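> no sequence for this one, just the structure:
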Ligand code: NI
């Protein structure tokens, strides 16, 4: 049976509102292995202008990649924030969400397997089983507490991104041999990129 797909490249970038804001910076996305991707990120204590700028840049970077989710550690900032937009239908308006200090407050017993990918582990995909639905509570850029139940790709994406804030990658769910194989490929890719 085919599993639903969470390829970052599945996202259609043409409807991104953030791309029109020219002031936003496309930030460099760290590639695994990198110690900054393994760290426990710190809670954000104040929604400063810097946090707003980081959120805007992260959305631009995510849409540009293209991807459906991006966590702050992936751009080298070890703070608890991620962005996501899992709208894939070009006829549906985009829904960029910025989640600060996100917490899973409930997870379904039902599990779903998605073939996951990650912008920090380009072109590598593997099946990961996670709760099908989760409730997430977070602080918005508006300073208010939000809580929402996510299902489908949104639920998988939220859990994948919250893992990033705890220094965990989707390959950490795989068997050691498969994980080592992917890590070696990434080390090779980074050597190639460094050579230009
Ligand atoms: Ni990821």
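Received, thanks. Just so it is clear, the model here is predicted, and its values are computed rather than measured.

> and the gap between the closest residue to residue 84 other than its chain neighbours and residue 174?
Spatial nearest neighbour of residue 84, excluding adjacent residues (Cβ to Cβ, 6 or more residues apart in numbering): residue 69 at 4.0 Å. C-betas here are computed from N, CA, C, even on glycine. In this view, residue 69 and residue 174 are 19 Å apart by Cβ to Cβ, to the nearest Å.

> neighbour-wise, which of these two wins?
residue 69 (29 against 18; other Cβ atoms under 10 Å).

> List phi and psi for that one.
Phi and psi for residue 69, reported as degrees, to the nearest 10, are phi -160, psi 150.

> That one and residue 32, how far apart?
From residue 69 to residue 32 the distance is 16 Å (Cβ to Cβ).

> list the contacts for the closest residue to residue 107 other than its chain neighbours?
Leaving aside its sequence neighbours, residue 107 sits nearest to residue 131 (Cβ to Cβ, 6+ apart; 3.9 Å). Each residue near residue 131 by Cβ atoms under 8 Å, 6 or more residues apart in numbering is listed here: 107, 108, 109, 110, 111, 112, 155, 159.

> Of those, which is the most crowded?
Among those, residue 155 has the most neighbours (other Cβ under 10 Å), with 24 neighbours.

> and residue 103, what are its bridge partners?
Here residue 103 shows beta-bridge partners residue 137, assigned using DSSP bridges.

> how deep is it tucked in, by neighbour count?
By other Cβ under 10 Å, the residues close to residue 103 number 13.

> my guess is it contacts residue 138, does it?
Yes. At 7.1 Å, residue 103 counts as touching residue 138 under the criterion of Cβ atoms under 8 Å.
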